[in-house]
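Chemist: Kindly generate the corresponding structure for this input.
(2 chains)
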Number of protein chains: 2
Amino acid sequence: MSEPSQGAVQPGPIKAVSACPLCEGSGGRILAQTPHLRVIWPDEPGHPGLLRVIWRGHVAEMSDLDPADRLRLMDAVWTVESAMRAALAPDKINLASLGNMVPHLHWHVIPRWRDDPQFPASIWTDRPDRDGARSEAIRQRVRDRLDALFAAVTGAFKS
Amino acid sequence: MSEPSQGAVQPGPIKAVSACPLCEGSGGRILAQTPHLRVIWPDEPGHPGLLRVIWRGHVAEMSDLDPADRLRLMDAVWTVESAMRAALAPDKINLASLGNMVPHLHWHVIPRWRDDPQFPASIWTDRPDRDGARSEAIRQRVRDRLDALFAAVTGAFKS
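Modeler: Residues are numbered from 1 along each chain as shown, chains lettered A, B, ... in the order given. Here you go, the predicted model:
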């Protein structure tokens, strides 16, 4: 990660938007943080390996950022993707910035496996896992590697 | 767009992967093309404004690209996003690179409106539009602006 968390110029104060959950709260366990963004583990029940990269300022679209900030944000996404691949060895990475419910820039970095309940559809596609066996298998697989994932992400932002 | 389509160094031949629809075909109407990527309009029935940015080489993940190529691909995504906002004025842009079905790097750039049938869910969320009225309203809105969208995208890659 090219952006050091120490020694960097601190951006000016950012106006938090009330009723925005990503302005008012962290959104989950903070694994890494820079003056511009944070990486969090939201502990999504159905997607235990999902991480989010959340931009600090309340901005809706990538094209609202200047090129340097777009680069900062995407560099963090690639850093998380690489750490996730190393720690979890998923069959595929899914990346998405939607923001329809919370229009505050955040990227979903999602590990997918061929035997996960919704594959090859998106995680937002409704595919009930009738007896829960596939979901439970994925949960167990990810839980066993969560400490490795957290260490990989935190370490990648320190280096 | 920083990457000129003329005068750029042509990358070497790329090994096409058989049975990959994005190696074997364009994926839709080509609106812009560089030596590294193309922008297409796939004419998705339920999502008439959706565009895709498709990397030329058969590569699965963003972290498989080197930093310069990642920048090239994302610069094209931001260019499409900006052109789409100018031409369609959607309420939100959704960006996603999934590739579970076709593991050949491609980005979906999707205009969303508060009154579209699935909003605020993702376009992959199953929310039937019972009488089809909302879908038809969006289709009409986008159809009326398709020429402007195509011209904006094509023009942005020429400049």
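Chemist: Over to the residue lying closest to residue A:21 once chain neighbours are set aside: give its phi and psi.
Modeler: Nearest non-adjacent residue to residue A:21, counting by C-beta to C-beta, 6 or more residues apart in numbering or on different chains: residue A:102, 6.0 Å away. C-betas here are computed from N, CA, C, even on glycine. Per-residue torsions, residue A:102: phi -130, psi 90 (degrees, to the nearest 10).
Chemist: Chain A: helices as residue ranges?
Modeler: Taking DSSP state H, the helices of chain A run over residues A:21-24, A:67-88, A:133-143, A:146-158.
Chemist: Compute the mean per-residue pLDDT across the third one, please.
Modeler: Predicted confidence along helix A:133-143 averages 92 (mean pLDDT).
Chemist: any idea of the angle that helix forms with helix A:67-88?
Modeler: Interaxial angle, helix A:133-143 versus helix A:67-88 (axes from the mean of the first three to the mean of the last three C-alpha atoms, to 10 degrees): 100 degrees.
Chemist: Spell out whether helix A:133-143 and chain B are in contact.
Modeler: No - Helix A:133-143 stays clear of chain B (C-beta under 8 Å from any C-beta of the partner chain), getting no nearer than 14.4 Å.
Chemist: Please compute how far that helix lies from its chain's middle.
Modeler: 19 Å (C-alpha atoms, centre = their mean, to the nearest Å).
Chemist: backbone phi and psi for the residue located most distally from the centre of chain A, please?
Modeler: Centroid-distance maximum for chain A: residue A:131 at 28.2 Å, with C-alpha atoms, centre = their mean. Residue A:131 adopts backbone torsions of phi -100, psi 0, taken as degrees, to the nearest 10.
Chemist: which ones are touching it?
Modeler: Residues counted as contacts of residue A:131 (C-beta atoms under 8 Å, 6 or more residues apart in numbering or on different chains): none.
Chemist: Would you mind measuring from it to residue A:137?
Modeler: Residue A:131 is 11 Å from residue A:137, where distance means C-beta to C-beta, to the nearest Å.
Chemist: Might you enumerate the residues of chain A proximal to chain B?
Modeler: A:60-63, A:70-71, A:74, A:77-78, A:81-82, A:85, A:92-101, A:103, A:112, A:119-122, A:124-126.
Chemist: Give me the PyMOL select line for the residues you listed, limited to the buried ones.
Modeler: Remark: buried members of these, expressed as a PyMOL selection using 16 or more other C-beta atoms under 10 Å in any protein chain shown:
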select buried, chain A and resi 61+62+63+70+71+74+77+78+81+82+85+92+93+94+95+96+97+98+99+100+103+112+119+120+121+122+124
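Chemist: In strands, which of the residues of chain A next to chain B appear?
Modeler: A:92, A:93, A:94, A:95, A:96, A:97, A:112 (DSSP state E).
Chemist: Quick one: find the helix or strand in chain A with the lowest mean pLDDT.
Modeler: Ranking every helix and strand in chain A by mean pLDDT, DSSP states H and E puts helix A:133-143 at the bottom, with a mean of 92.
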